[in-house]
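Colleague: Here is the input, now give the coordinates:
(chains A and B)
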Amino acid sequence: MPSVKIKKLLVFYEQMLLIRRFEEAAAKAYALGKIKGFCHLYIGQEAVAVGAMGALEKQDYVVSTYRDHGHALARGLSARECMAELYGKVTGCSKGLGGSMHFFDRARHFMGGHGIVGGHIPIACGIAFGSRYKRERAVTLCFMGDGAVNIGGFHEGLTFAALWNLPVVFIVENNLYSMGTPLYRHLPLEDISVKGKSYGMHSVRVETYDVWEFHEVVREAVNRARSQNEPTLIEAVTYRYRGHSMSDPAKYRPPSELERKKELDAIELCAKTLLEEGIPTTELEEIQKKVKEIVDDAVAFAESSDFPPVSLLHQYTYVNP
Amino acid sequence: MPTVTVREALNQALDEEMARDRRVFIIGEEVGHYNGPYKVTQGLLAKYGEDRVLDTPIAEEGFAGIGIGAALVGLRPVVEFMTWNFSLVALDQIVNNAAKIRYMSGGQFELPIVFRGPQGAGGALAAQHSQIFENYYAYVPGLKVVAGGTAKDMKGLLKAAIRDDDPVIFLESEKMYNLSGEIPEGEYLIPIGKADVKKEGTDLTLIAWGLTLTYALQAAHEMEKEKISVEVVDPRTLRPLDLSTILASVAKTHRVLIVQEAWPIASFGEHIAYLIQKEAFDELDAPVEILSSEDVPMPYAFPLEELVLPNVAKIQAHIRHMLS
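Modeller: Next up is the predicted model:
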């Protein structure tokens, strides 16, 4: 009988693999012109979303950025509704009105998909405030990239979180690039977690590709937010394998950086751990097969779904026009 | 009917809605312990406590966003901007989040939030603290924009705004807070999106909202002495706009003067003028005219400030000119 940890790690493995294969399928559909607009892939960063989401309960909230596919899948949105959203179809998680950058799922407390860098950070604080006001014992997880830590919304959001002891955990996914600009050219610090400390909140820098290790860090922060209403900033040092968006060939990377980072791949590391723990290769192959089927099914579902009818064009501008 | 100031009317609206619905809370700078920069929230902290009347740091983007997030989870925030001039640093929150989240989530969320505070000239406050921004917000689909002009209307409109499930921009004026007016006994609401004919007349229609409504009414009454009959239409809400009430008045008087405190270019008055010429071209005996503020940043020197703003005498002169 595998331990509780190994069972959970198997789930993490499947989720990370799902994100990877989903994003690869999205890239392919994008190249075929089936998906348009901005499309920011999460490949390489899977351990962050999956490790973090694994620490949440049902009543908790997630606030994401425009790089939201991985967060949404890790939170439990189906590959079908996510892929359909990329295709702009009415069966998508935002009925095709949001697109890649604006995934929402009220039922799963997935509170968007936000396209203005840093603007979602005060929103996350408001959700945390509101959930505490309603005594929900919910924690809000707010993701952002390293490129978000210089903008005003970061400063004001963290100020409120610390000042009002809001049950929120900020996860800064430091993938070393703010769009196409490397960290050393956009931040006068190497260690982003220093910023969290300056607001008087718990702040920690985690540099790991071990999904379990990252999960433990988030779990501690989530528990603290839930039981003591204390916010935390977690800097997750990670790496994205693709460009900032589909239109970015990422030529600004130093030679061999990508290859070096790929050697640390979180999904391969997780598979290695599972094999070492005695999980048979066949079980991992079963998971790989299952994930492929889920993604193939999602693509077929998106392909065969309809675009939103014209009647939806004006329907959601107001509740009462 | 009791007579109250606009300040008291707004305070009553907040008090009644907070008593009625625990989801309603107030957030802004100095709304609590200081009792409000303009005393609109006076006494509410003592009555409802710090959980529901929240003083914030000077961080408009932050607390506007807090309000939006709280609205997403079912609360009904009233966000006070000390003045709308400061809302510019929260413009991203209002335009990109409050006005968009419902739409881009495919209708999954309601945003029952009110942003309120004074706009326009307060008197010798110079260029950064004397501006009208109603057109900035009326431009944005997803927002409602309310600009009442009397104590009665503002109380009923604010209560309706708080109960509305969409984001509402609620515009006041520092110069209006001390204006008195009669209000009905007991509870009442003024629906959002309904204009009101404040004075009947036959020769010319004056359209004015917010502070300039007071000037327009005064000018209209003065014109009676000159045997000129002016009708005054108060839209009360800019978005949604009750165009049919305006058009009915145009069909009666065939002449229109719009009076606004805003600058002239790309202003809300220009939008109304466009709609009138489009929908009632044949009814017009003369071009629709607009009396606005002068097209300059507000000077500090008070005699110059007076030259910039619309007033009763300017409205009267404009009416005489249009009817000569």
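Colleague: okay, which residue is most central for chain A?
Modeller: By CA atoms, centre = their mean, chain A has its centre lying nearest to residue A:71, at 2.9 Å.
Colleague: any idea which helix or strand carries that one?
Modeller: helix A:69-75 (DSSP states H and E).
Colleague: sorry, back to before: report pLDDT for the closest residue to the residue nearest to the centre of chain A other than its chain neighbours.
Modeller: Distances taken as CB to CB, 6 or more residues apart in numbering or on different chains place residue A:64 nearest to residue A:71, at 4.3 Å, with adjacent residues excluded. (Each C-beta comes from the backbone N, C-alpha and C, glycine too.) If you check residue A:64, the pLDDT there is 98.
Colleague: follow-up on the earlier one: next SSE after the helix holding residue A:71?
Modeller: helix A:79-86.
Colleague: name the helices or strands packed onto the helix or strand immediately after that next one in the chain?
Modeller: On the C-terminal side of helix A:79-86, the closest following helix or strand by DSSP H and E is strand A:110-113. Contacts defined by 3 or more CB pairs under 8 Å, 6 or more residues apart in numbering or on different chains; DSSP states H and E place strand A:110-113 against strand A:61-64, helix A:69-75, helix A:120-133, helix B:101-104.
Colleague: three-state assignment of residue B:206?
Modeller: Using DSSP: H, G, I helix; E, B strand; the rest coil, the structure places residue B:206 in strand.
Colleague: Assess the claim that it and residue B:231 are in contact.
Modeller: Yes: the pair residue B:206 and residue B:231 passes the contact test of CB atoms under 8 Å, sitting 7.0 Å apart.
Colleague: Tell me which of those two has more neighbours.
Modeller: residue B:206 (31 against 23; other CB atoms under 10 Å in any protein chain shown).
Colleague: list the contacts for that one?
Modeller: Going by CB atoms under 8 Å, 6 or more residues apart in numbering or on different chains, residue B:206 touches B:216, B:219-220, B:230-233, B:256-259, B:315, B:319.
Colleague: just residue A:43 next, same as before
Modeller: A:19-20, A:23-24, A:240-242.
Colleague: In helices, which of those residues appear?
Modeller: Residues from these lying in helices, with DSSP state H as the criterion: A:19-20, A:23-24.
Colleague: Report the buried members of the residues you listed.
Modeller: For the ones in helices among the contacts of residue A:43, a burial check counting by 16 or more other CB atoms under 10 Å in any protein chain shown picks out A:19-20, A:23.
Colleague: circling back to that earlier point, contacts with chain B among the ones in helices among the contacts of residue A:43, please.
Modeller: Among the ones in helices among the contacts of residue A:43, proximity to chain B is found for none (CB under 8 Å from any CB of the partner chain).
Colleague: Can you lay out those residues as a markdown table showing pLDDT?
Modeller: Output for the ones in helices among the contacts of residue A:43, formatted as a markdown table (pLDDT from 0 to 100):
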| residue | pLDDT |
| --- | --- |
| A:19 | 98 |
| A:20 | 98 |
| A:23 | 98 |
| A:24 | 98 |
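Colleague: how about the contacts of residue B:206 in CSV, adding secondary structure, pLDDT and distance to residue B:48?
Modeller: CSV is the format used below for these (DSSP: H, G, I helix; E, B strand; the rest coil; pLDDT from 0 to 100; distance: CB to CB, whole Å):
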residue, secondary structure, pLDDT, distance to residue B:48
B:216, helix, 98, 37
B:219, helix, 98, 41
B:220, helix, 98, 41
B:230, strand, 98, 44
B:231, strand, 98, 42
B:232, strand, 98, 37
B:233, strand, 98, 37
B:256, strand, 98, 44
B:257, strand, 98, 44
B:258, strand, 98, 40
B:259, strand, 98, 38
B:315, helix, 98, 41
B:319, helix, 98, 47
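Colleague: Chain A: which of those is nearest?
Modeller: Top of the list for closeness to chain A, among the contacts of residue B:206 and by CB to the nearest CB, is residue B:233 at 21.7 Å.
Colleague: From residue B:279, how far off is the closest one?
Modeller: Distance, residue B:233 to residue B:279, using CB to CB, to the nearest Å: 14 Å.
Colleague: repeat for residue B:181
Modeller: 31 Å.
Colleague: More neighbours: which of these two?
Modeller: Neighbours per residue, other CB under 10 Å: of residue B:181 and residue B:279, the larger number sits with residue B:181, 20 against 14.
Colleague: And the pLDDT for that one?
Modeller: 97.
Colleague: still on that earlier bit, what's the local residue count around the residue nearest to residue A:71?
Modeller: Neighbours of residue A:64 (other CB under 10 Å): 28.
Colleague: doesn't residue A:77 make contact with it?
Modeller: No: using CB under 8 Å, residue A:64 makes no contact with residue A:77, being 10.8 Å away.
Colleague: any residues in contact with both of those two?
Modeller: By CB under 8 Å, 6+ apart, residue A:64 and residue A:77 have these common neighbours: A:103, A:110.
Colleague: Just say helix, strand or coil for the closest residue to residue A:148 other than its chain neighbours.
Modeller: Nearest residue to residue A:148 in three dimensions, chain neighbours excluded: residue A:118, at 4.5 Å (CB to CB, 6+ apart). What three-state DSSP gives for residue A:118 is coil.
Colleague: Quick check: pLDDT value at residue A:1.
Modeller: pLDDT, residue A:1: 61.
Colleague: Count the neighbours of residue B:159 for me.
Modeller: Residues contacting residue B:159 under the criterion other CB under 10 Å number 21.
Colleague: Going by secondary structure, it is in what exactly?
Modeller: With DSSP H and E as the test, residue B:159 turns up in helix B:151-163.
Colleague: Report all helices and strands that whatever helix or strand comes next after that helix contacts.
Modeller: Remark: after helix B:151-163, the chain's next helix or strand is strand B:168-172, criterion DSSP H and E. Strand B:168-172 sits against strand B:114-118, helix B:134-138, strand B:144-146, helix B:151-163, with contacts defined as 3+ CB pairs under 8 Å, 6+ apart.
Colleague: could you redo the last one with a cut-off of 7 Å?
Modeller: strand B:114-118, strand B:144-146, helix B:151-163 (3 or more CB pairs under 7 Å, 6 or more residues apart in numbering or on different chains; DSSP states H and E).
Colleague: Hey, what's the angle from it to helix B:151-163? Just curious.
Modeller: 160 degrees (axes from the mean of the first three to the mean of the last three CA atoms, to 10 degrees).
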